[in-house]
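Trainee: Quick one, fold the following:
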Amino acid sequence: MKEETEQSQGSGKALDMLHGPLLKKIIFFALPIAASSILQQLFNSADVAVAGRFAESGALAAVGSNSVLVSLFVNLFVGLSVGTNVVIAQYIGQKRTKEVGTVVHTSLLFSLICGLVMMVVGFALSRFLLVLVDTPEDVLERALIYLRIYCVGIIFIIPYNFGAAILRSIGDTRRPLYCLIASGILNICLNLLLVIVFHLGVAGVAIATVISNAFSASVVLYILCHENETIRLHWNRLQIHGAALKRIVQIGAPAALQSAVFSISNICIQTAINSFGSSAVAGMTAALNFESIGYYIVSAFAQTVVTFIGQNYGARQFGRCKKILRLCLAGGMIGAILVSFIFIFARSTVIRIFTVDPAEIEYAMTRFLYAMPFLFLTSTYEVVGSALRGMGKSTLPAVFTVLGTVVFRVIWIYAVFPLWNSFHALIIVYPVSWVLTGGLMILYYFWQQRKLFGKDLERPALAG
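Mentor: The predicted model follows:
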């Protein structure tokens, strides 16, 4: 039975998620995802560090002003790629391997089309979007250069994320990690070359990012072209299959909408931050580089739970689904707590990696002390919401996340912030919204657990 399962997953790199102990498999699945995201963040931090220390004055704020817009573009389709992950994982759990190839080719063609559309739209609307978020006038033109060049690379970013989602659906998280390591090293080398040697400033940082994204996308697509037949990419078979796309969109669209609206709420917050000037933008950008590392650990366990539960829910192994959620929730919380403690303790030292400006440091310290201690709370909605998506329940988790982390934050900005007009008031909205969103998500999960699992909750695992 075990051999049959591994063969059905179509790759020697596949991980058997349906049999045996879970803890070790979850850790070995999640760690490469966390490492990939953290390395990607570190490489992005290299962009910020090079801009802040080696480029012209204001370059750090110019790059930082784009952060929420870049997140809006990327998260929209990272969320949509969740649909591909879940659909393939459920088909594997159900041993419907013939349908997997249809999903693979539909997903990748769809990602290429989306990448082309987003590249054109993003380039055309760059100035409008930067003005919309109230980018400081003294860095607007440089921020525009960065965003327009970055938009050229979107055509590579989206296929990479869909390709990585396909590999994760069969349990392969290591090769996307190796791909990011290589592209990140390339990014750093190009940053140093283009900024320090050729003095291209913000443009050099953006060009380096585009080239490294093109490299990572090429490598992932090459891997898929040489996979075993179940998930192998055949360029001549690229076709949009209506039924497959419908399933992908049904699960992925709510997650994508959630990510997009979440980014819009961050745009509102960014607009409020921008009102404090370029020092606040730079300080916030520097602090987020460290906070993001803790969040990416949470996100890794969220991506793990959606794949593991996707396969086990497809196989109707409901008892394992419940255990998977407990382990992933604990992993996300513990990881975030450890990372937050380390950075809070060393905050005076690490923040100077990015800036030595006293005003920028003061704003960064506020973010460290008012938000980072509560970062572990994001697990309550990220991991639990992903568990629900793995069971095919994607709409209401997205609604709850939008209510808690978007609507609430927008109300805070326009109702509370004017009364308490300080940088501290902006930062406090984060932990408060995390508590609200997590509470809603946990209550909904327990309701769905009783409804979907019922008497089969303790059903034993498949033999093997």
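Trainee: how much space between residue 307 and residue 314?
Mentor: 11 Å (Cβ to Cβ, to the nearest Å). Bear in mind the C-beta positions are built from the backbone N, C-alpha and C, glycine included.
Trainee: Neighbour count: the two, which is higher?
Mentor: When neighbours are counted by other Cβ atoms under 10 Å, residue 307 comes out ahead of the other of residue 307 and residue 314, with 30 against 23.
Trainee: Report the contact partners of that one.
Mentor: Residue 307 makes contacts with 17, 29, 85, 86, 89, 168, 169, 171, 390, as judged by Cβ atoms under 8 Å, 6 or more residues apart in numbering.
Trainee: So the closest residue to residue 77 other than its chain neighbours: helix, strand or coil?
Mentor: Ranked by Cβ to Cβ, 6 or more residues apart in numbering and with sequence neighbours excluded, the top spatial neighbour of residue 77 is residue 158, at 4.6 Å. Here residue 158 takes the helix state, with states given by DSSP: H, G, I helix; E, B strand; the rest coil.
Trainee: Use 493 as the first number from now on
Mentor: Fine by me, first position is 493 from now on; the one you just mentioned is residue 650.
Trainee: Pull the number of nearby residues for residue 650.
Mentor: Using other Cβ under 10 Å, residue 650 has 30 neighbouring residues.
Trainee: try residue 910
Mentor: If we define neighbours as other Cβ under 10 Å, then residue 910 has 10 of them.
Trainee: swap in residue 762?
Mentor: By other Cβ under 10 Å, the residues close to residue 762 number 24.
Trainee: My guess is it contacts residue 625. True?
Mentor: Yes: with contact defined as Cβ atoms under 8 Å, residue 762 and residue 625 form a contacting pair (5.2 Å).
Trainee: what comes up buried for the helix or strand where residue 780 lies?
Mentor: Secondary structure assigned from DSSP states H and E places residue 780 in helix 770-806. Of the residues in helix 770-806, those buried under the neighbour-count criterion (16 or more other Cβ atoms under 10 Å) are 770-806.
Trainee: same check, this time on stretch 740-753
Mentor: Using 16+ other Cβ under 10 Å as the test for burial, stretch 740-753 gives 740, 743, 744, 745, 746, 747, 748, 749, 750, 751, 752, 753.
Trainee: Residue 570 is in contact with the third one, correct?
Mentor: This points to residue 744. No: distance between residue 744 and residue 570: 9.6 Å, which falls outside the contact criterion (Cβ under 8 Å).
Trainee: before we move on, the earlier item: out of the contacts of residue 799, which sit inside strands?
Mentor: Residues of these located in strands (DSSP state E): none.
Trainee: so, if you compare those, which one comes nearest to residue 723?
Mentor: Proximity of the contacts of residue 799 to residue 723, judged by Cβ to Cβ, is greatest for residue 661, which lies at 8.0 Å.
Trainee: pLDDT score assigned to that closest one?
Mentor: On pLDDT, residue 661 comes in at 86.
Trainee: so what's it up against?
Mentor: 576, 577, 578, 580, 581, 584, 723, 799, 802 are the contacts of residue 661 under Cβ under 8 Å, 6+ apart.
Trainee: Generate a markdown table for these, with pLDDT and distance to residue 766 as supplementary columns.
Mentor: Below are the contacts of residue 661 laid out as a markdown table (pLDDT from 0 to 100; distance: Cβ to Cβ, whole Å):
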| residue | pLDDT | distance to residue 766 |
| --- | --- | --- |
| 576 | 91 | 36 |
| 577 | 88 | 35 |
| 578 | 87 | 37 |
| 580 | 91 | 41 |
| 581 | 88 | 41 |
| 584 | 84 | 46 |
| 723 | 91 | 44 |
| 799 | 90 | 38 |
| 802 | 89 | 40 |
